[in-house]
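Colleague: For reference, the sequence and a predicted model appear below.
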Amino acid sequence: MKRIILLSIAALSLLPIHAQTNNIAIQHVEPTNWWVGMHNPNLQLLVHAQGIANTRPEIDYAGVSIASTTLTDNPNYVFINLRIAADAKPGKFDIRFVKDGEQKATYTYELKAREQGSANRQSFNSEDAIYLLMPDRFANGNPNNDDMPGMVEKADRKADYGRHGGDLQGVAEHVDYIKNLGMTALWMTPVLENNMPQSSYHGYAITDYYAVDARLGSLEEYIQLSNKLHQNGMKLIMDMVFNHCGTNHWWMNDLPCKDWIFQWNGNPMRSSYRLSTVADSHRSQYDLRQATEGWFDSSMADMNLGNELVKNYFIQNSIWWIETVGLDGIRQDTYPYPEKNAMREWNLRVREEYPNFNIVGEAWISEASKLAYWQKDAHNNDGYNSELPTIMDFPLLEAIYRAFNEQPSWDDGIIRLYNSLANDYLYADPMHIMVFGENHDAGRLLTKLNGNVQSLKMATAFLATVRGIAQWYVGTEVLMEGDAVQHAFIRRDFAGGWAGDKNDNFNNRKGAQADMYDYTARLFNYRKTSDALRHGDLLHFLPNNEVYVYFRYTATDCVMVVMNNSSTDQTLDTPRYAEMLSHYTTGTDIITNQKIDLSNITIKGKTAMVIELK
Ligand code: CA
């Protein structure tokens with residue numbers, strides 16, 4: 001006891017004695033907390049308070065020191081560069097802001113202990129099938145949070161672009177639905193605060209990077225959803241947006257520095273959305289600047305990731321969410337728009353903390369040659385290596401639309417799928433490409449396929465069996481339709497998610513909807529068990545008479561996929577496939593469970609067969 005008192009006195013004697021007025025109110029400190037035991041000992045703290053730049057921060061906490069401070073052209077900010085020693089202990093300490101011997105403000109900061117095994121968490125990969133949903137439009141688990149104090153936009157389920165009241169609790173209540181469909185991971189469109197006057201339901205105009213939108217739920221509910229997914233053997237992928245923030249973000253009233261965003265002298269130019277400018281060796285600076293520094297939307301201010309402070313802000317923000325919620329992956333919005341070297345450093349620094357961590361970037365580019373530029377380890381002439389592990393297969397998306405709609409000819413029809421996959425030589429890692437038939441921005445697949453459910457089923461079989469990481473968009477399993485001409489049409493509410501809904505597609509599917517759900521579930525649940533589909537190489541044969549045959553195989557497993565895109569039954573010329581088929585004696589169609597005679601394979605028109613070979 002005596003010894004502790006002595007130590008306390010010793011510690012106290014080191015403290016400078018300041019008169020305390022504490023007359024400066026701290027408005028923001030971000031990150032809102034941090035952890036001990038991180039790989040990177042450095043932490044950049046943003047501190048926002050009136051005139052705070054005229055004070056000097058002081059900290060007395062074992063293992064934590066102020067390496068430097070960075071001031072900007074705005075006296076209401078100081079960036080404190082902390083150094084956290086490897087042996088620092090979790091706990092709270094005061095940051096005191098001092099001027100002329102007087103303590104003007106104090107802020108209690110916390111360093112937490114990390115979850116055990118946090119750094120070595122696994123991530124998503126080609127084993128996974130990812131379910132994408134928009135939480136405002138999936139299920140309303142808690143009608144009490146539809147309208148929340150302080151949130152500008154009120155719920156209005158009748159408004160196409162309004163808030164409909166769906167939330168994290170609604171998602172958590174239907175994890176079993178997603179799991180039973182055969183999905184292994186969940187990607188929700190952004191869940192962070194979007195306190196915008198209108199169209200705030202989609203989540204891409206973030207107004208607070210450290211807050212879950214109160215209408216979707218609390219941080220605690222987000223963590224609970226993560227835990228529930230993990231208990232069900234599933235993964236959580238967070239949608240992040242570094243390129244732009246909502247113009248109602250708190251910092252827009254008092255920017256940390258003039259070049260925190262691209263201001264365009266108060267009259268922002270719109271982005272041209274021409275992403276080829278980033279890699280094009282012939283591009284003009286004008287076009288590059290418009291594409292990457294122009295605003296994505298007038299309600300979305302363009303962040304300047306070329307500013308070290310902004311870059312560090314976002315890198316730390318992403319790590320904060322990984323550590324806080326227990327994320328298994330990140331989807332990054334509008335990937336090629338922010339400064340590309342900052343994005344490269346982001347990937348490296350995330351993997352420095354979490355070596356297995358996977359990130360998928362939305363590079364919406366429909367030519368393989370241009371898309372390939374954005375994947376880690378691409379052989380780019382300019383020497384750029386994005387370090388981004390996973391890209392999205394937009395070229396294959398276009399091919400899917402065309403394959404099932406076109407009148408067949410030399411280059412039209414099902415050969416679109418073959419030709420798209422034949423471009424894989426351009427990619428550094430084809431197994432780290434996310435494949436999809438639709439998302440919340442592209443039109444719904446069934447609508448793109450002119451409402452043809454047979455085509456949709458074939459596309460589903462393709463998505464469940466082709467190489468890469470599979471992604472599925474909410475509602476297609478129950479035949480939801482909608483055209484991307486209006487975003488609202490592809491983001492309609494999931495029937496059964498709201499009390500009083502006429503139909504309940506969670507619990508009471510009927511007819512064609514039940515059939516499509518079962519078809520999808522059968523394929524994706526099989527995928528979960530098949531090493532060939534999760535990890536196998538791809539070998540495909542040129543389509544013949546609109547019949548496309550490919551194999552996914554490992555040393556021990558093989559799956560044969562046959563797609564007949566013609567309207568008539570066809571019998572395969574099996575000797576043509578001998579280089580694969582000769583190794584096997586029996587086949588089972590995993591959709592019908594029927595045994596297949598491998599010497600005589602007949603397939604009905606407009607159907608797919610997925611055959612497990614033994
Ligand atoms: Ca709600």
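Modeller: Here it is on my side, so go on.
Colleague: all strands for the stretch 251-400 of the chain, in order.
Modeller: Counting by DSSP state E, counting those that start in this stretch, the stretch 251-400 of the chain has strands at residues 300-302, 329-332, 359-361, 390-392.
Colleague: Can I get those strands in a markdown table including mean pLDDT, mean neighbour count and distance to the ion?
Modeller: (Glycine included, C-beta is placed from N, CA and C.) Output for these, formatted as a markdown table (pLDDT from 0 to 100; neighbours: other Cβ atoms under 10 Å; distance: least, Cβ to the ion, whole Å):
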| stretch | mean pLDDT | mean neighbour count | distance to the ion |
| --- | --- | --- | --- |
| strand 300-302 | 97 | 24 | 25 |
| strand 329-332 | 98 | 25 | 23 |
| strand 359-361 | 98 | 24 | 28 |
| strand 390-392 | 98 | 26 | 30 |
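Colleague: how much space between whatever residue of the stretch 201-350 of the chain ends up closest to the ion and residue 163?
Modeller: Taking Cβ to the ion as the measure, the stretch 201-350 of the chain has residue 215 as its residue closest to the ion, at 6.5 Å. Distance from residue 215 to residue 163, counting by Cβ to Cβ, to the nearest Å: 6 Å.
Colleague: Pick out whichever of these two has more residues nearby.
Modeller: residue 215 (27 against 24; other Cβ atoms under 10 Å).
Colleague: does that one really touch residue 165, like I thought?
Modeller: Yes: at 7.5 Å, residue 215 counts as touching residue 165 under the criterion of Cβ atoms under 8 Å.
Colleague: Tell me how many other residues crowd residue 411.
Modeller: Count around residue 411 with other Cβ under 10 Å applied: 10.
Colleague: Now do the contacts for it.
Modeller: Shown in contact with residue 411 (Cβ atoms under 8 Å, 6 or more residues apart in numbering): residue 419.
Colleague: Would you pull up the residue in the stretch 351-500 of the chain closest to the ion?
Modeller: Closest point on the stretch 351-500 of the chain to the ion, by Cβ to the ion, is residue 498, at 9.3 Å.
Colleague: okay, and the common contacts of residue 215 and residue 163?
Modeller: 136, 146, 155.
Colleague: The last one touches residue 215, doesn't it?
Modeller: What that stands for is residue 155. Yes: counting by Cβ under 8 Å, residue 155 does reach residue 215; the two are 7.3 Å apart.
Colleague: what residue ranges in this protein score low on pLDDT?
Modeller: 1-16 (pLDDT under 70).
Colleague: care to break it down by domain?
Modeller: 5-113, 536-613 (automatic domain parsing).
Colleague: Redo those as CSV? Include distance to the ion.
Modeller: Formatted as CSV, the domains of the chain follow (distance: least, Cβ to the ion, whole Å):
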stretch, distance to the ion
domain 5-113, 25
domain 536-613, 38
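Colleague: I'd like those as JSON lines, with distance to residue 484 and mean neighbour count appended.
Modeller: Output for the domains of the chain, formatted as JSON lines (distance: least, Cβ to Cβ, whole Å; neighbours: other Cβ atoms under 10 Å):
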{"stretch": "domain 5-113", "distance to residue 484": "35", "mean neighbour count": "16"}
{"stretch": "domain 536-613", "distance to residue 484": "24", "mean neighbour count": "17"}
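Colleague: is it possible to export those domains to TSV including distance to residue 465?
Modeller: TSV is the format used below for the domains of the chain (distance: least, Cβ to Cβ, whole Å):
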stretch	distance to residue 465
domain 5-113	38
domain 536-613	5
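Colleague: closest one to residue 371 among those?
Modeller: Taking Cβ to Cβ, domain 536-613 is the member of the domains of the chain nearest to residue 371, at 18.1 Å.
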